[in-house]
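Novice: Requesting a structural model of the entry that follows:
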Amino acid sequence: MRVKAKVSIGYDLDKVEFVIDDATKTIRMKNFPEPEMLYVEHDLDYYDLQESMFNEFSADDLTNINARAKEYATTLIEKGPLFQKAKEQKGEIISLLSDMWQQTGWTFVIEDSILQG
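Specialist: Numbering: from 1, shown residues only. Predicted coordinates for the structure are as follows:
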């Protein structure tokens, strides 16, 4: 059996709090989240299921194998470098947000310790 996985690590911007002050044209950003696994898709390849002496798989067996494969892929992803790479890109994401708002004539203020960690 072979497990292949595709994953997306990133930031759920729905969790960011934006406080908008129309009078001063200021946007304050708070509570920027930690990176998280946004999407995991895995695929299993079975070798010669028909010809193997272990060809007695029930639907429950295949469901269990599939669940364990996804758990295994998720564990490897959590231990891998993707979360660190996402953390390294946090400043770039915040800079893009800042540039976007400043180009519209608004002041963009980052509150809390968003850029730490």
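Novice: Run through the residues that contact Phe18.
Specialist: With contact set as C-beta atoms under 8 Å, 6 or more residues apart in numbering, Phe18 has these partners: 27-30. No exception for glycine: its C-beta is placed from N, CA and C like everyone else's.
Novice: Export those residues as TSV, with columns for neighbour count, secondary structure and pLDDT.
Specialist: As requested, the contacts of Phe18 are arranged in TSV below (neighbours: other C-beta atoms under 10 Å; DSSP: H, G, I helix; E, B strand; the rest coil; pLDDT from 0 to 100):
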residue	neighbour count	secondary structure	pLDDT
Ile27	20	strand	94
Arg28	15	strand	93
Met29	20	strand	92
Lys30	13	strand	90
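Novice: which of the residues in the longest helix along the chain are buried?
Specialist: Secondary structure of the chain per DSSP state H: the longest helix is helix 59-79. Counting neighbours by 16 or more other C-beta atoms under 10 Å, one finds that the buried residues in helix 59-79 are 69-70, 73, 77.
Novice: circling back to that earlier point, adding distance to Asp99, write the contacts of Phe18 out as a markdown table.
Specialist: Shown next, in a markdown table, are the contacts of Phe18 (distance: C-beta to C-beta, whole Å):
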| residue | distance to Asp99 |
| --- | --- |
| Ile27 | 12 |
| Arg28 | 16 |
| Met29 | 13 |
| Lys30 | 19 |
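Novice: returning to what we had before: just after the longest helix of the chain, pick out the following helix or strand.
Specialist: helix 82-88 (DSSP states H and E).
Novice: Averaged pLDDT, that following helix. What do you get?
Specialist: Across helix 82-88, the average pLDDT comes to 91.
Novice: List the buried residues for that helix?
Specialist: In helix 82-88, residues buried by neighbour count (16+ other C-beta under 10 Å) are 82-83, 86.
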